[in-house]
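Asker: Give me a 3D structure for the following:
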Amino acid sequence: MPSLAEEHIEQRAINAVVIQGYDSPEYIKHQAEIERIKEQGEFLNYDTSPMEWRCFSSIDEKDKYTKRLVDCTGVVIFGKRKDSNEIISCISHSDEMGPLSESINPVVMARVRILKDRYRAELEATILDLRTQLSVTSPDEDIEVWDKELDIDVFKNKRKYLEEELIRVQGEIDYLAQDHGKASFLEFDNEVQQKLSEFKAMVDPSTVTASVFGGQTLKIDVSGDKDVVVEVGNELENKNAKDAYNLGVKMWKEYIISHFGFEPSVAHEPLTIRGKRHGTDVYVNTQGRKVFVIHRTAQA
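Answerer: Numbers count the residues shown, from 1 in each chain. I've put the predicted structure just below:
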C-alpha cells in the first residue's frame, strides 16, 4: 500500500527546497535568500489573522512567507501577469483540523467531539479549582490554598490573576459549545473561490503553477515502521491528523483543478512525529518561482 506521500506527490512543478531545521547545512546554504524574503516579503501571520482558522496573502509580485504550520496546510500559486513579464503569487494558511474537517468529514467530526468532551471536562475541573481559590477573601483565612503570611498586595495581584484566568477558561468552554462547522466552511469556500478567480483574471492561465504545503500525520510513538498507540485519545488524534491531511490535500487539488485545469504538486511529505518536529515554515521567492520549506526543530 502506498504511503501518504506516495499517494499525493506526483510531480514537482514548483522548485521546492525542503530543509530539515534552521541549524542544518542546507539552511546555511540558502540562508541569505531566506533572510531577504523575511526582510522584504509579506508575512502571512496566521496567529493574528482576523479570519478564524484561515488566512490569505495579497496577490502581487512580493515574496511571501508563513510560519508554524503543524496541522495546517496551505497552497502557493504562481503566474505571469497578462500585461507584463512579472510573476505574481499568493499563499494561504488554514487549519484542516478545525471547523473545515468537522463540517466535511463526519468521521472526523465524531472523533473531534469525543476529544472536545474530554477537553471540556478538564476545563470545568479547572473552573472549580479557580472558584475554590477565589472563595478565599483574605490572606488571613486558614485555608491551604493561601499562605497566611501573604502580603496583601501580592494577595490582590494573585486574586486578579485568578479572576482573569476564570474569565479565560470560561471563554474556552463557551467557544467549545458554539457551532464552528458548516457556516465557517461556507465562508472559507467563498473566500477561496474569490481569491482564485481574482488570481486567474490577472494572469496568463498557461503560466500558472501551484503546490500544496504543510500538514502532519501524527504518530504518537514509533516502533520500527508501526505506530504504537498509547491511549484512546492519542489514537483519535492520530486518525484525525491523517484524515485532516488527506482532506486538506484533496481540497486544494480540487480547487486548483476547478479554476486552472491542472493538479497542483505537493511540496513535501507531511510531518509524522509530534515532539520531534515543531511545525513547518514556508518562504516563497515569487520571481524565482521557488519555495523553501523548513521543518522546525526544538532549537528553532
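
Asker: Next, please give the residue ranges for the strands of the stretch 151-300 of the chain.
Answerer: Taking DSSP state E, counting those that start in this stretch as the criterion, the stretch 151-300 of the chain carries its strands at 209-214, 216-219, 222-223, 226-227, 265-266, 271-273, 280-285, 290-295.

Asker: Quick check: mean pLDDT of the first one?
Answerer: In this model, strand 209-214 has an average pLDDT of 91.

Asker: those strands in the stretch 1-150 of the chain, which residues are they?
Answerer: 15-20, 42-43, 54-56, 64-69, 73-80, 87-94.

Asker: Direction included, what does the second one pair against?
Answerer: For strand 42-43, the paired strands and their directions (DSSP bridges) are strand 64-69 (parallel).

Asker: Give me the residues contacting the strand it pairs with.
Answerer: Outside strand 64-69, the residues within contact range by C-beta atoms under 8 Å, 6 or more residues apart in numbering are 37-38, 41-47, 57, 74, 76, 89-91, 93, 213-215, 278-284, 286, 296. Any C-beta I mention is one placed from the backbone N, CA and C, and that applies to glycine too.

Asker: Quick check: ChimeraX command selecting the buried ones in those residues.
Answerer: Only the buried entries of these go into this ChimeraX selection, using 16 or more other C-beta atoms under 10 Å:
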select :37,41,42,44,46,57,74,76,89,90,91,93,213,214,215,278,279,280,281,282,283,284,286,296
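
Asker: re the thing from before, just send the strands of the stretch 1-150 of the chain back as TSV, with distance to V266 too.
Answerer: Formatted as TSV, those follow (distance: least, C-beta to C-beta, whole Å):
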stretch	distance to V266
strand 15-20	9
strand 42-43	23
strand 54-56	19
strand 64-69	13
strand 73-80	10
strand 87-94	14
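
Asker: wait, which of those strands is closest to E122?
Answerer: strand 64-69 (24.0 Å; C-beta to C-beta).

Asker: Run the angle between the closest one and strand 87-94 for me.
Answerer: 20 degrees (axes from the mean of the first three to the mean of the last three C-alpha atoms, to 10 degrees).

Asker: Restricting to C-alpha, output strand 64-69 in PDB.
Answerer: The C-alpha coordinates for strand 64-69 follow below in PDB (Å, rounded to 0.1, in the frame of the first residue of the first chain):
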ATOM      1  CA  LYS A  64       5.900  35.900   1.000                       C
ATOM      2  CA  TYR A  65       6.200  33.700   4.000                       C
ATOM      3  CA  THR A  66       4.200  32.000   6.700                       C
ATOM      4  CA  LYS A  67       5.300  30.100   9.800                       C
ATOM      5  CA  ARG A  68       4.500  27.200  12.200                       C
ATOM      6  CA  LEU A  69       2.200  25.000  10.100                       C
END
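
Asker: tell me the domain ranges of the chain?
Answerer: 4-98+181-295, 106-177 (automatic domain parsing).

Asker: What's the end-to-end length of stretch 205-212?
Answerer: End-to-end span of stretch 205-212 (C-alpha to C-alpha, to the nearest Å): 18 Å.

Asker: Thank you, goodbye.
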